[in-house]
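Q: Turn this into a model:
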Amino acid sequence: MPMTPRAGLQVADELVAFIETEVLPGLDLEPDRFWTGAASVLARFAPENRRLLARRDELQARIDAWHAGRRGRPYDVAASTAFLREIGYLADEPAPFAVGTRDVDAEVATLAGPQLVVPSLNARFVLNAANARWGSLYDALYGTDALGDLPRGGGYDPQRGARIVARARAFLDEAVPLAEGSWADLADPHKGIALRDPAQYVGRSERGRLFRHHGLHIEVVFDPAHPIGRDDPAGISDVILEAALSTIVDLEDSVAAVDAADKTAAWRNWLGLMKGDLAETFDKGGERLTRTLAPDREYVAPDGSTVVLPGRSLLFVRNVGHLMTTPAVLLPDGSEAPEGILDALVTSLIAMHDLKGLGRFRNSRPESGQGSVYIVKPKMHGPEECAFTDALFDAVEDLLGLPRHTLKIGVMDEERRTSANLAACIHAVKDRIVFINTGFLDRTGDEIHTAMQAGPVVRKGDIKSSDWIAAYEAGNVAIGLACGLDGKAQIGKGMWAAPDRMADMLDQKAAHPKTGANTAWVPSPTAAVLHALHYHQTDVFALRPEIAGRPVPDLDALLTPPLAAGRNWSEQEIAEELDNNAQGLLGYVVRWIDQGVGCSKVPDIHDVGLME
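A: Numbers count the residues shown, from 1 in each chain. Model prediction:
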């Protein structure tokens with residue numbers, strides 16, 4: 001690809017043009033200063049990045065040799081733990097501490113609700129996700145299998161509609177109960193809506209009435225002229241829920257971004273979000289539509305003042321991890337630049353448009369303090385790699401003239417070495433951490449990879465009920481609370497992987513808030529609306545004091561891999577496992593190579609679409 005020299009680097013022409021003509025104008029940062037600073041950051045951190053990756057390989061080679069030398073013996077967790085400590089895989093536990101993160105928006109620190117993850121390369125999807133802060137409960141119930149079946153074709157089904165209205169009224173009775181009677185019996189809202197707890201009433205708009213429960217807002221829309229409201233005794237045409245409090249704009253595994261063109265396209269969408277001018281025009285149902293970011297929502301409070309609520313999710317950006325390099329920038333020795341370092345430089349530079357208030361909207365709002373940039377960092381192995389990222393973010397802040405710890409970090413607890421050293425990992429980023437989470441598939445993959453030479457593991461369904469995964473899920477919350485994340489950061493749970501199975505999601509994902517996690521990932525705006533119901537059912541912050549009093553799960557359980565010792569699978573079981581995995585792998589390869597899409601819905605061997 002054509003390259004241009006900048007400060008000793010070779011930079012792809014399109015990236016140079018993007019930075020210098022689209023990103024830097026208005027930021028009071030000259031191109032020469034940016035490129036010189038970027039070159040300095042790369043010169044300082046690229047060698048250390050390579051050293052950390054070599055350290056991963058060294059540790060894995062020693063673990064492989066240790067397991068290979070004990071093949072055929074029963075697994076000895078005490079001996080394994082002693083060995084892991086001897087080679088430095090297990091770090092010393094830090095003394096008790098509390099994180100010092102400041103200037104954190106409420107969506108992260110003090111609210112509990114769903115979180116979306118969206119591929120950064122698709123502007124339409126990005127806009128849908130950013131606007132998923134609010135969504136129709138009627139639509140989410142009607143258009144999915146949430147109530148056990150799917151809608152028939154051929155237009156509106158009044159019987160199904162009646163079931164949806166009844167379910168929504170039951171929800172209102174649970175979340176914002178009336179002083180007397182049921183929402184199902186409400187006939188004349190003009191006479192007033194008396195609540196059992198009047199403090200739940202927030203305000204009114206031309207559309208309806210706004211209420212609050214467990215920190216989340218609910219808008220009941222009154223429109224007797226609407227086809228739904230016309231047949232409703234109270235004229236209620238919809239119930240709108242505050243849903244995706246936050247969204248992660250993903251540069252990692254939901255996209256296939258390889259070269260400068262890919263990266264620039266992804267960063268350009270992030271820039272459109274930070275400036276507030278991202279738009280996408282498309283055809284739908286024979287109509288030409290243009291989608292933009294939703295405006296804020298305004299209501300009149302009981303005292304006559306104006307209540308303004310965000311119309312959009314709080315946006316994180318997920319950078320890539322330490323492993324990848326990119327040909328978009330070549331170092332002075334001709335090698336590719338570490339992509340994660342470049343992500344940190346460019347996404348933070350772009351976010352300055354928000355920090356300076358140059359855009360149409362604010363992402364991190366001024367009332368949160370100085371404003372923050374929320375960066376999710378995946379696939380870090382242990383506290384040494386977390387400390388590396390902390391130092392990298394220091395350097396980026398210095399280059400961009402940002403106050404220390406403006407760049408916040410979300411640590412994804414998806415590597416075994418991180419789970420086993422989670423308190424030390426949090427300590428390494430203790431003044432900028434805003435997020436830890438768990439995830440089944442990545443974490444299980446690393447569990448298997450680490451113990452590959454120990455022997456075969458049980459099948460996926462059995463792993464989900466194994467002792468180590470239970471210790472992992474419970475330990476993440478317990479350690480996060482012990483480190484003072486409550487009120488300062490999100491503690492999250494992983495993705496619901498079957499986007500077409502909303503009834504199952506409603507049944508199973510209700511468990512996530514009950515663990516004390518104040519967010520969990522969902523695959524779509526519709527799923528965000530439905531998952532929001534769980535945070536009305538469970539008051540996460542009220543549960544946390546009791547959860548914090550529980551002991552942290554034993555490390556032995558976490559460090560015992562789910563080996564299938566003595567298990568002899570039938571030929572049918574082996575065939576099922578091979579066929580299902582081949583189906584998934586080939587499905588993803590097709591989407592990656594032919595469509596440039598990373599993580600996406602792929603049917604398994606049973607024709608269940610899974611985002612794994």
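Q: Got the domain ranges for this protein?
A: Domain segmentation of the chain under automatic domain parsing yields 1-132+245-276+315-567, 136-242, 571-610.
Q: which one of those is the most hemmed in?
A: domain 1-132+245-276+315-567 (a mean of 20; mean count of other Cβ atoms under 10 Å). Backbone N, C-alpha and C define where each C-beta goes, glycine included.
Q: How far off centre is that one?
A: Between the centre of domain 1-132+245-276+315-567 and the centre of its chain there are 9 Å (Cα atoms, centre = their mean, to the nearest Å).
Q: can I assume I164 is in contact with L147?
A: Yes: with contact defined as Cβ atoms under 8 Å, I164 counts as touching L147 (7.3 Å).
Q: give me the low-pLDDT residue ranges for this structure?
A: 368-369, 596-599, 612 (pLDDT under 70).
Q: other SSEs contacting the longest helix belonging to it?
A: Longest helix in the chain, counting residues (DSSP state H): helix 31-68. For helix 31-68, the elements it packs on are strand 3-6, strand 9-12, helix 77-86, strand 336-338, helix 339-355, helix 382-400, helix 440-450, judged by 3 or more Cβ pairs under 8 Å, 6 or more residues apart in numbering; DSSP states H and E.
Q: what does whatever helix or strand comes next after the last one rub up against?
A: It stands for helix 440-450. Using DSSP states H and E, the next helix or strand after helix 440-450 towards the C-terminus is helix 460-463. Residues outside helix 460-463 that contact it (Cβ atoms under 8 Å, 6 or more residues apart in numbering): 444, 457, 469, 562.
Q: And the furthest pair within those residues?
A: Maximum pairwise distance among the contacts of helix 460-463 (Cβ to Cβ): 11.5 Å, between V457 and I469.
Q: Name the residues contacting each of these two.
A: 463, 562.
Q: so who does the nearest residue to G609 once chain neighbours are set aside touch?
A: Excluding the flanking residues, the one nearest G609 by Cβ to Cβ, 6 or more residues apart in numbering is K601, at 4.2 Å. Applying Cβ under 8 Å, 6+ apart, we find K601 in contact with 499-500, 523, 609-611.
Q: go on, R56?
A: Listed by Cβ under 8 Å, 6+ apart, the contact partners of R56 are H381.
Q: and the gap between Q583 and I433?
A: Using Cβ to Cβ, to the nearest Å, one gets 38 Å for the distance from Q583 to I433.
Q: Same check on A542?
A: Counting by Cβ to Cβ, the gap from A542 to I433 is 23 Å.
Q: again, but for P513
A: For P513, the distance to I433 (Cβ to Cβ) stands at 21 Å.
Q: How about D149?
A: 43 Å.
Q: again with A575
A: Going from A575 to I433 by Cβ to Cβ gives 45 Å.
Q: quick one: secondary structure of Y299?
A: Assigned by DSSP: H, G, I helix; E, B strand; the rest coil, the conformation of Y299 is strand.
Q: got a list of what it touches?
A: 202-205, 210, 306-307, 309.
Q: go again using 6 Å as the cut-off
A: Applying Cβ atoms under 6 Å, 6 or more residues apart in numbering, one finds that Y299 lies in contact with 203, 205, 210, 307.
Q: Likewise for T36?
A: A7.
Q: try it again with 10 Å
A: By Cβ atoms under 10 Å, 6 or more residues apart in numbering, T36 lies in contact with 6-9, 30, 399.
Q: and which of the residues you listed is nearest to Y142?
A: For the contacts of T36, the nearest to Y142 is L399 (50.3 Å; Cβ to Cβ).
Q: Backbone dihedrals for the residue nearest to G609, please?
A: Main-chain dihedrals, K601, degrees, to the nearest 10: phi -70, psi 120.
Q: where along the stretch 201-350 of the chain do the strands fall?
A: All strands of the stretch 201-350 of the chain, identified by DSSP state E, counting those that start in this stretch, fall at 201-204, 208-213, 216-222, 236-242, 246-250, 279-284, 287-292, 297-300, 306-309, 314-318, 325-330, 336-338.
Q: Give me the angle between the second one and strand 236-242.
A: On the basis of axes from the mean of the first three to the mean of the last three Cα atoms, to 10 degrees, strand 208-213 is oriented at 40 degrees to strand 236-242.
Q: T292: which of the domains of the chain is closest?
A: Per Cβ to Cβ, nearest to T292 of the domains of the chain: domain 1-132+245-276+315-567, 6.9 Å.
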